[in-house]
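A.B. asks: Here is my input; please provide its structure:
(chains A, B and C)
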Amino acid sequence: MKRKALALVLTAAITGSLLGGCSTAEEQTRTTDTEDTAAVKTDLQKEVVKSGSSDDIKLSVFWWGRQLRNEKTQQILDMYAAEHPGITFDGQFSADYWTRLATLSAGHTMPDVVQMDYTYISQYAEKGLLTDLTPYIEDGTIDVSNVSEDILETGRVGDGIYAICNGINAPALLYNKTLLDEAGIQIHDYMTLEEFKDVCREVYEKTGYKTSLSYGSNTNGDFLPYLLRAQGKLLYGDGKFAVDSADDFVQFFSVFEDGIKEGWHVDPSLYVERTRGQAEQDCLVYGSSPETMSWCGFYHSNQLVAMQNSAPEGTDIAMTTFPSDNPEISNYLKPSQFFSISTDSKYPDEAAALIDYITNSEECNNVLLGERGVPISSVISEAISVNQSPDEQEVVHYINDVVTPKSTKINPPAPGNASEVFSLIDSLTEKVLYGELTAEEAAALLFEQGNEYLAKE
Amino acid sequence: MKKRHRISIYKESTAGIIFCLPFIIGFLLFLVIPMGISLYYAFCDYGILSPAVFSGLKNFKIMMADELFWKSLQITIFYAVVSVPLKLAFALLVAILFQKTSKATGLYRALYYLPSIIGGSVAVSILWKRMFATDGMVNQILHGLGIEASIPWLGNKNTAIWTLILLTVWQFGSSMLIFLSSLKQIPRTFYEASTVDGAGRWKQFTSITLPLLTPTIFFNLVMQMINGLLAFTQCFIITQGQPLNSTLFYMVHMYNQSFVHYNTGYGAALAWVMILIVGTVTAVLFATKKRWVYDGGF
Amino acid sequence: MKKKTKIKKTAYHIFVSVFGIIMIYPLLWMVMSSFKESNTIFITAGSLIPEKFVLDNYINGWSGFAKISFGTFFKNSAFISVTATIGTIISSSLVAFGLARCRFKGRKLLFGAMLLSMMVPAQVLMIPQYIWYQKLGWVGSYLPLIVPYCFAIQGFFVYLMVNFIDSIPRELDEAAKIDGCSYFGIYYRIALPLMVPAMVTAGIFSFMWRWEDFLSALLYVNEAQKYPACLALKLFSDPGSSSDYGAMFAMATLSIIPIILIFIFFQKYLVEGISTSGLKG
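C.D. replies: Residues are numbered from 1 along each chain as shown, chains lettered A, B, ... in the order given. Modelled structure (predicted):
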């Protein structure tokens, strides 16, 4: 009797594992039965759906973001599906996006359409995980006639275009306009670094508010190349830094060093007490005393809305350009995010059509309303502006009237192995802020160790 | 014939293997294979996005020169050695306090156990940061006590690790539960007999409770030591290793290497070195077991 | 004399409850914050009581994402946690009994394997496990979140129960054997009833861990409709921008209720248990 019960439990357990085994076998036969010998991969989900209804195509779309974006994106996918019978979507939004995407790529089960970022595009494209979109652009599946060449080019890695930008962005110094107005401090667009430091000093003297530089907003990786651009220099070369010596890095670190020495930079311990890069915790909008607050923050233009929403009632957040020796050269337009088609996709044609829809459909963009950045099609950007909020319009104004006329082309995307360099810049900056390194020492270390990282295959 | 068959099923070794069958199958099917693959990765250049290429001992050579490897190892060992005994002592104390069954103790047990259930949530991370901020609650309380304090607990490289240790000790609930359930295993008669003999409370504790609890203490020690060395969440949600990498746990360093920098092969090598260390520590603990752990049932 | 003990008792209760409140302060804080207006949570982190009690966060959070309500996520979590926990308890108790009570070749090796299973960090297994489960065709389903646990692969629970069985007098086994009981009979009739406290402990932990297991859900569950609550909770925060703490805390508050209920309901078995009193040797 008892033995029977044990046997039963064991049988149940073993059957469980066998069932798993069965479905694998079935899975594989089904894959080989259907088309596509090139793609010998098992995407359970897709297959299951396919077997469900005869020839429905189910595209999986993967993005990151929060509630608002999830809802808007799901909504446009539903709209698209309604217009195109036979196509359905599996919209996936995820926390921990890059970990999950990397895992999916390891299993060759990347979704058809994936949201991409400028920092990751080289890595994914170089490893052959993204589909070259050039043919789709050439045959008009993805219509780019209203998109500027520079913007389109941001999706280029090597010989191919691997991603279509879904919103335009630019580096933006967000600042507390109310505070400056009350103190009677005037600032203007295209400030030079020296002018900027003077403002920092003046603000500190007059109001007690300090400054939080790019370290506090996780934008060191943007600010350092921004400063170099003013000298006409790139940060990354082929397997090494593009600059000749550590001297070129000194300026960047010395801004932090000066700030700490002269007292106008916030105490670095503040950054451990907050989550860096989170709007509502940024010292621009949050703090118990002027000592713990900053008059500005180094962000990107699309973050204005989130920052304004996080600001206390009555505080107006405005934006201007990052400072450098020559902001008009340093400045650039930047893709906020991209959409790419993975090489794991079985339906790249349909996926390309979807990207075209997101790029060129007015109806679609009237739902999205530039949530990912200013639409790249000038026609669309124009068309949706009437439906945008004042803050959203301010972003468009900044992009179109402040950055576009006085900027140069963005640097090529950072190489695939640059993520360690980002971390290095961050930890060296932290050491400068804590007074453990001088600007010169930090620059020398960055040059030496960074080159080692970049040389790694 | 029939009788022999019966005997074979009654046989101890056959029964033992049958009982262990689920684990044997599960271990082979779900752990050995992935563990084998990850061990292989430890000897590979592997970056998730492209296939692994065998590279011999390269990862281990990199490790020897990796400043953060040594630093995070040091931090993690310090953290485990300090937090584990504190946590266990606290858990045991509370378990003994609330051993008696009454309405009040039921409530107390819940109060003291609850912190463990929100473990690594965002709420804990925000609150911990706010509590230990320079202008946070802890300094305000110190101020209220007349101590002039504006200590950046999290921002100072000497104090930051202590906030993580405190968080660990605060979540002692799981060890407490295990102590509670084994305290109840100690037969009442033991205490009754010793009361007759005139033993006081403290005497009872040291001569009955503590010796009989040693197997559970040992169990909790092994478990918490393993967990301590493999700690991840506390650092990951609160400090991310800041400031100046003074709170960088080994596992977080490994995670960053694997999933932020996509040095997954190197990450696997880091993990296997840690597995070796944890294995050694556990083996040493087991070697000392005979000396102090009561063995013989009740 | 009597008065003195009374004072002592009162002092004890005051101390224990004050300290208890400090212990659960963070939890209280989260619950209270869930009733604050979402954009004031961070600014008013220093105070416990909301200036204005609002339910918006619950309404907003419950509505979930892309038309999938949070109720769905909770249902998914419940299904995963309950099945995996039942599987864990049954399989772990069998294995523990085998390891604790039967001498056989390879027992030490198995014990070592069980300890090893606890030492391998989940983060290093992520990729290999994913690739392996994908080969099994399990990705996209709940199988990786449930089936392995039915095979006692969490050494912690096995070890916990081994420890427990060790403390049960062996004389009981011997007596049962003389009565003609098989090993399974000893397991079922003698060990199992005595192991209730250990199984309850394991059940509480297992349920809680499965309920909060965000990592495997992240890797193996594709469709949003199938997300468990712990994964859905992460969607309220966006590390690159700003987070909806209000909705997050509201749903986090709801999501700890099952764990609290389970603890409160089962803790009496833990401490009252089917204690050894009737079996003292």
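A.B. asks: give the contact list for the spatially most central residue of chain A.
C.D. replies: Centroid check for chain A by CA atoms, centre = their mean gives A:D117 as the closest residue, at 4.4 Å. Neighbour list for A:D117: A:Q337, A:F338 [criterion: CB atoms under 8 Å, 6 or more residues apart in numbering or on different chains]. Where you see a C-beta, it was placed from the backbone N, CA and C, and this is true even at glycine.
A.B. asks: And the pLDDT for it?
C.D. replies: Looking at A:D117, its pLDDT stands at 89.
A.B. asks: ok, it to A:Q337 distance?
C.D. replies: 6 Å (CB to CB, to the nearest Å).
A.B. asks: what does C:V31 give?
C.D. replies: For C:V31 relative to A:Q337 (CB to CB), the value is 36 Å.
A.B. asks: who's more crowded, these two?
C.D. replies: Counted by other CB atoms under 10 Å in any protein chain shown, C:V31 and A:Q337 do not tie: A:Q337 has more neighbours, with 20 against 17.
A.B. asks: shared neighbours of A:D117 and A:Q337, anything?
C.D. replies: By CB under 8 Å, 6+ apart, no residue touches both A:D117 and A:Q337.
A.B. asks: where does B:I9 land on pLDDT?
C.D. replies: pLDDT at B:I9 comes out at 48.
A.B. asks: go on, A:K233?
C.D. replies: A:K233 is given a pLDDT of 92.
A.B. asks: ok so it is a helix residue?
C.D. replies: No: the assignment for A:K233, made by DSSP: H, G, I helix; E, B strand; the rest coil, is coil rather than a helix.
A.B. asks: tell me the domain ranges of chain C?
C.D. replies: C:2-61, C:64-235 (automatic domain parsing).
A.B. asks: Which residue is the nearest non-sequential neighbour of B:Q204?
C.D. replies: Leaving aside its sequence neighbours, B:Q204 sits nearest to B:S194 (CB to CB, 6 or more residues apart in numbering or on different chains; 5.5 Å).
A.B. asks: looking only at pLDDT, what's the mean for the host helix or strand of the one you found?
C.D. replies: Applying DSSP states H and E as the criterion places B:S194 in helix B:188-196. In this model, helix B:188-196 has an average pLDDT of 81.
A.B. asks: Stretch B:84-102 too?
C.D. replies: The average of the pLDDT scores along stretch B:84-102 is 87.
A.B. asks: Stretch C:86-102 now?
C.D. replies: Here the average pLDDT along stretch C:86-102 is 93.
A.B. asks: touching chain B at all, that stretch?
C.D. replies: Yes: Stretch C:86-102 is in contact with chain B by CB under 8 Å from any CB of the partner chain, via C:S91, C:L94, C:V95, C:F97, C:G98, C:L99, C:R101, C:C102.
A.B. asks: Contact partners for the last one?
C.D. replies: Think C:C102. Neighbours of C:C102 in contact, by CB under 8 Å, 6+ apart: B:E12, B:S13, B:A15, B:G16, B:F19, C:Y183.
A.B. asks: ditto for the third one
C.D. replies: Counting by CB under 8 Å, 6+ apart, C:V95 touches B:F19, B:C20, B:P22, B:F23, C:M114, C:A152, C:V158.
A.B. asks: For the residue with the shortest distance to the centre of chain C, give its distance to B:Q171.
C.D. replies: Taking CA atoms, centre = their mean, the centroid of chain C lies closest to C:M208, which sits 2.0 Å from it. Computed as CB to CB, the C:M208 to B:Q171 distance reads 12 Å.
A.B. asks: How about C:Y269?
C.D. replies: 23 Å.
A.B. asks: Comparing the two, which residue is more hemmed in?
C.D. replies: Higher neighbour count among C:Y269 and B:Q171: B:Q171, with 23 against 17, using other CB under 10 Å.
A.B. asks: The more buried one and chain C, how far apart?
C.D. replies: 10 Å (CB to the nearest CB, to the nearest Å).
A.B. asks: Now that residue. Nearest residue, chain neighbours left out?
C.D. replies: B:S116 is the one closest to B:Q171 (CB to CB, 6+ apart), at 4.6 Å.
A.B. asks: can you list the residues of stretch C:86-102 next to chain B in CSV and add secondary structure?
C.D. replies: Formatted as CSV, the residues of stretch C:86-102 next to chain B follow (three-state DSSP):
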residue, secondary structure
C:S91, helix
C:L94, helix
C:V95, helix
C:F97, helix
C:G98, helix
C:L99, helix
C:R101, helix
C:C102, coil
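A.B. asks: Stretch B:234-241 and chain C in contact?
C.D. replies: No: Stretch B:234-241 stays clear of chain C (CB under 8 Å from any CB), getting no nearer than 10.0 Å.
A.B. asks: I would like the residues contacting that stretch, please.
C.D. replies: Residues contacting stretch B:234-241 (CB under 8 Å, 6+ apart): A:272, B:72, B:120, B:122, B:124-125, B:128-129, B:154, B:160, B:163-164, B:167-168, B:247-249, B:251-253, B:255.
A.B. asks: what is the rounded mean pLDDT of that stretch?
C.D. replies: 86.
A.B. asks: swap in stretch B:275-294?
C.D. replies: 91.
A.B. asks: Could you list the buried residues of that stretch?
C.D. replies: B:I275, B:I277, B:V278, B:V281, B:T282, B:V293, B:Y294 (16 or more other CB atoms under 10 Å in any protein chain shown).
A.B. asks: does the residue lying closest to C:C150 once chain neighbours are set aside belong to a helix or a strand, and which?
C.D. replies: Counting by CB to CB, 6+ apart, C:G87 is the residue found nearest to C:C150 once chain neighbours are left out, at 3.2 Å. Using DSSP H and E, C:G87 maps to helix C:70-101.
A.B. asks: cool, and C:G140?
C.D. replies: Going by DSSP H and E, C:G140 is not in any helix or strand.
A.B. asks: Am I right that it is in contact with C:L219?
C.D. replies: No: using CB atoms under 8 Å, C:G140 is not in contact with C:L219, being 10.5 Å away.
A.B. asks: what's the closest non-adjacent residue to the closest residue to chain A within chain B?
C.D. replies: Per CB to the nearest CB, B:G155 is where chain B lies closest to chain A, at 1.8 Å. The shortest distance from B:G155 to any non-neighbouring residue, by CB to CB, 6+ apart, is to A:S269 (1.8 Å).
A.B. asks: again, but for C:T40
C.D. replies: Nearest one to C:T40, counting by CB to CB, 6+ apart, is C:E51 at 7.3 Å.
A.B. asks: from memory that neighbour sits against C:K36, does it?
C.D. replies: Yes: using CB under 8 Å, C:E51 makes contact with C:K36 at a distance of 7.5 Å.
A.B. asks: Common neighbours of those two, please.
C.D. replies: Shared contacts of C:E51 and C:K36, counting by CB under 8 Å, 6+ apart, come down to C:T44.
A.B. asks: what about the strands in the stretch 1-150 of chain A?
C.D. replies: For the stretch 1-150 of chain A, the strands defined by DSSP state E, counting those that start in this stretch occupy A:57-63, A:87-93, A:113-116.
A.B. asks: among the ones you listed, which is nearest C:E212?
C.D. replies: strand A:87-93 (20.4 Å; CB to CB).
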